[in-house]
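> coordinates only, sequence not included:
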């Protein structure tokens, strides 16, 4: 179930979506049986119990509605309150959030009577309720001063379950669900655990944040752990910049055998005696250089439109490509019998597994990676990261694009803002050398421009 599913005048509910909902029963304020989505009910019960401790008692007036029920409601309210009311408060069939089972309308109990639309009597209670919503994964779906975005008037009683992480972000940034799904942008610094792929991490973040557009900035194999930058929403526009940054690793190596994957998760395909005397420290220093490195066959690099690991799995012969990489720093950390640990700072595209293979060949034996930790990417180190568990528990930091990139940040006036919003080239009066980040008067990111001759041209627009 996608808890951030958007249903509005432009994004219609489809009958097939009903199969994805697990609806459960709940009793409304009139003792009638209604249905809402299972996770939404759990969150509602927790919210209700918490508010009761604050001497606020709430009850449900509306939950899941079928298309037929939506039609009947509109017809009834059209007769009772007129066209203007239903246009501002009651959605057309297939446009209603109540079809999702994730939306509920609530009433507040005052002197043994539930009140749903008398705002003056419930104003202070609603304020407390709205401040509490994110803790339980709810948002106020139709807030004040957002009518042009949501298409509906302020409804303090209409709550929507989206999950705790999206709810907190939406609340903290004063967003609507539309704005969150369309415009939100941030970068996470994640400490990837062993045993899962980089794609697994991306999928987990998509699920937690309820946003489809998520990308990582450098693959880590399942055997590897450590720093992994993940861009969400519009922040995926800068993935190529983050991917291009240097990366630091600590790798553990065993000598004397070679596997098909270049690490100890693969099948041993060859063995070779380890020389009794090797000057490992000097040999590692010799790899502080730029050279052409062969890409391992178990990788996602494409040759003739097909990923290399597909060739490997089908045991098809293929000439492996080579890429120019630079080993900027390399240092021996520990040496044991037929094993060692080293640290290396490398450029984009360097495969540590391949580097280890090359080191083994230079030692006249084979070398295989047994453990790998990415300790740094650009200026981001392990101490800056959050675990997936911390993110699931909503205990993590997000990072703005303008804080991550090492480019000048310039606040523009209204005239320059209009030019940037229309993608107009700007005369470089700031003496920019490469790229520049532009922010508006409210310090919100609006665009990244790059230097071309004497002008600045749009590289990425965020308006």
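That came through fine. Note that the coordinates shown come from a computational prediction; the quantities given were computed from them, not determined experimentally.

> least trustworthy helix or strand in this protein by mean pLDDT?
helix 308-313 (a mean of 81; mean pLDDT, DSSP states H and E).

> buried set for it?
308, 311-312 (16 or more other C-beta atoms under 10 Å). The C-beta positions use only the backbone N, C-alpha and C, and glycine is treated the same way.

> Also stretch 45-63?
Burial within stretch 45-63, assessed by neighbour count using 16+ other C-beta under 10 Å, is assigned to 47-48, 51, 56, 58-63.

> Could you do stretch 435-444 as well?
Buried residues in stretch 435-444 (16+ other C-beta under 10 Å): 435-440.

> what's the answer for stretch 69-84, then?
In terms of neighbour count (16+ other C-beta under 10 Å), stretch 69-84 has its buried residues at 70, 73-74.

> So which of these sit within helices?
Mapping the buried residues of stretch 69-84 onto helices (DSSP state H) picks out 70, 73-74.

> Which single one of those is nearest to residue 371?
Within these, proximity to residue 371 (C-beta to C-beta) peaks at residue 70, which comes in at 57.1 Å.

> Tell me which residues are up against the longest strand that the chain contains.
Among the segments of the chain that qualify as a strand by DSSP state E, the longest is strand 322-336. Contacts to strand 322-336, defined as C-beta atoms under 8 Å, 6 or more residues apart in numbering, come from residues 246, 248, 250, 280-281, 284-285, 287-295, 340-350, 355.

> Next up, the contacts around residue 9.
91-92, 95, 151.

> typed the wrong thing, it's residue 176
Contacts of residue 176 (C-beta under 8 Å, 6+ apart): 141, 143, 146, 149-150, 170.

> related to what we said a few turns ago, identify the farthest-apart pair in the buried residues of stretch 45-63.
Maximum pairwise distance in the buried residues of stretch 45-63, criterion C-beta to C-beta, is 19.8 Å, between 56 and 63.

> Closest one of the buried residues of stretch 45-63 to residue 205?
Distance to residue 205, by C-beta to C-beta, is smallest for residue 47 among these, at 25.6 Å.

> check contacts around the closest one.
Contacts of residue 47 by C-beta under 8 Å, 6+ apart are 58, 132-133, 136, 138.

> Could you check how far it is from residue 9?
From residue 47 over to residue 9 the distance is 28 Å, taken as C-beta to C-beta, to the nearest Å.

> now do residue 241
According to C-beta to C-beta, residue 241 stands 36 Å off from residue 9.

> One more: residue 250?
Residue 250 sits 53 Å away from residue 9, taking C-beta to C-beta as the criterion.

> tell me the domain boundaries of this structure?
Using automatic domain parsing, the domain ranges for the chain come out as 15-182, 185-237+381-392, 247-377, 407-461.

> Run through the bridge partners of the residue nearest the centre of the chain.
The centroid of the chain falls nearest to residue 232 when counting by C-alpha atoms, centre = their mean (3.8 Å). The partner list for residue 232 in beta bridges (DSSP bridges) reads residue 186, residue 214.

> where are the low-confidence patches of this protein?
The chain contains no residues with pLDDT under 70.

> returning to what we had before: so which of the contacts of residue 176 is the most crowded?
Ranked by the number of neighbours (other C-beta atoms under 10 Å), those place residue 170 first, at 26 neighbours.

> coming back round to it: make a PyMOL selection of the buried ones in the contacts of residue 9.
Provided next is the PyMOL selection string for whichever of the contacts of residue 9 are buried by 16+ other C-beta under 10 Å:
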select buried, resi 91+95+151
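
> Determine which two of the contacts of residue 9 are furthest apart.
Farthest-apart pair in those is 92 and 151; separation 10.6 Å (C-beta to C-beta).

> How are the helices of the stretch 351-463 of the chain distributed by residue range?
352-362, 388-392, 401-404, 414-421 (DSSP state H, counting those that start in this stretch).

> just checking, what packs against the second one?
Looking back up the chat, that one is helix 388-392. strand 185-192, helix 198-209 (3 or more C-beta pairs under 8 Å, 6 or more residues apart in numbering; DSSP states H and E).

> Show me the one of the ones you listed that comes nearest residue 17.
When those are compared by C-beta to C-beta, helix 198-209 sits nearest residue 17, at 17.3 Å.

> Next, the buried residues of the closest one.
By 16+ other C-beta under 10 Å, the buried positions in helix 198-209 come out as 198, 201-202, 204-209.

> With stretch 401-417 instead?
401-402, 404-405, 407, 412, 416-417.

> Thank you, goodbye.
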